[in-house]
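**Q** let me see the structure of the following:
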Amino acid sequence: MHCKRRIFYVVFLACFFLAGATTALAAEKITLLLDWFVNPDHAPIIIAQEMGYFADQGLEVEIKTPANPNDPPKLVAAGKADLAVSYQQQLHVQVDQGLPLVRVATLVATPLNTLLVRADSDIRTIGDLKGKTIGYSVGGFETVLLKVMLQQAGLKLSDVKLVNVNFSLTPSLLSKKVDAVIGAFRNFELNQMAIEKHP
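**A** Numbering: from 1, shown residues only. Modelled structure (predicted):
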């Protein structure tokens, strides 16, 4: 097998489509919904598109950014898209809720999620979150994660105020609209704050 094709089969989501159905799907357009706007986590997908790896397999892949980061798996389940980048933990919750979804590949092997506060904040421990406003983007798993974290400090979800800030994790934190954000990626929002020279 050609090296480029082998890499494609191993790394990219299209292996799901190519398993026994290459001819039938060769002429089909595939819609891939990202979980977020394009960022470093999507590098393999963007590289495959730009280098023509998808086209080499006879695939026309349309990569879309969602209007809401909660929507991609739901849109796949509803037949509005073929594939979606999502979060493993979120997938478990959604399948448990009855969404007909199947994991076909891994894009990022380890969780990137963090609970992020400004360096100049008075929040130093989980216990310091009591009475604070916490922004989130993707509901479900992030709330469960936060609940477990709060329990470790003897707190409940009702001890904090949750605000859905959608894609605005960093702007909401920097503008002090929220005191903390849950679900920020250690390889994106932290770097973004450092580049912009914010605490």
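**Q** for Q49, helix, strand, or coil?
**A** helix (DSSP: H, G, I helix; E, B strand; the rest coil).
**Q** so L116 sits against A180, correct?
**A** Yes. Here L116 reaches A180: they are 6.4 Å apart, a contact under CB atoms under 8 Å. C-beta: built from backbone N, CA, C; applies to glycine.
**Q** mutual contacts of those two, please.
**A** Counting by CB atoms under 8 Å, 6 or more residues apart in numbering, the shared contacts of L116 and A180 are L173.
**Q** so where's this structure uncertain?
**A** 1-27, 139-140, 187-188, 190-191, 194-199 (pLDDT under 70).
**Q** ramachandran angles for the residue nearest the centre of it?
**A** Taking CA atoms, centre = their mean, the centroid of the chain lies closest to D35, which sits 4.4 Å from it. Backbone dihedrals for D35, given as degrees, to the nearest 10, come out at phi -90, psi -10.
**Q** got a list of what the closest residue to it other than its chain neighbours touches?
**A** In space, and not counting its chain neighbours, D35 is closest to V85: 4.4 Å by CB to CB, 6 or more residues apart in numbering. By CB under 8 Å, 6+ apart, the contact set of V85 is L32, L33, L34, D35, D41, H42, I45, P72, L107.
**Q** how much space separates F185 from K132?
**A** 21 Å (CB to CB, to the nearest Å).
**Q** comparing these two, which residue is more hemmed in?
**A** Applying other CB atoms under 10 Å to F185 and K132 shows that F185 carries more neighbours, namely 20 against 16.
**Q** from what I can see the more buried one touches D41, true?
**A** Yes. Here F185 lies in contact with D41, judged by CB under 8 Å, at a distance of 7.1 Å.
**Q** for the chain, just list every one of the helices.
**A** Counting by DSSP state H, the chain has helices at residues 3-11, 15-18, 22-25, 43-50, 53-56, 71-77, 88-96, 141-152, 169-174, 189-195.
**Q** nearest spatial neighbour of F185, skipping sequence neighbours?
**A** Here the residue nearest F185, using CB to CB, 6+ apart, is L112, at 4.2 Å.
**Q** how close does that neighbour sit to S158?
**A** L112 sits 28 Å away from S158, going by CB to CB.
**Q** and the two? Which one has more around it.
**A** Neighbour totals were compared for L112 and S158, and L112 leads with 16 against 8 (other CB under 10 Å).
**Q** wouldn't the more buried one be in contact with D41 here?
**A** Yes. The pair L112 / D41 is scored as a contact, 7.2 Å apart, by CB under 8 Å.
**Q** okay, and the beta partners of the residue nearest to D82 when sequence neighbours are not counted?
**A** Counting by CB to CB, 6+ apart, D82 lies nearest to I30, which is 4.7 Å off, once chain neighbours are set aside. Beta-bridge partners for I30, by DSSP bridges, are V61.
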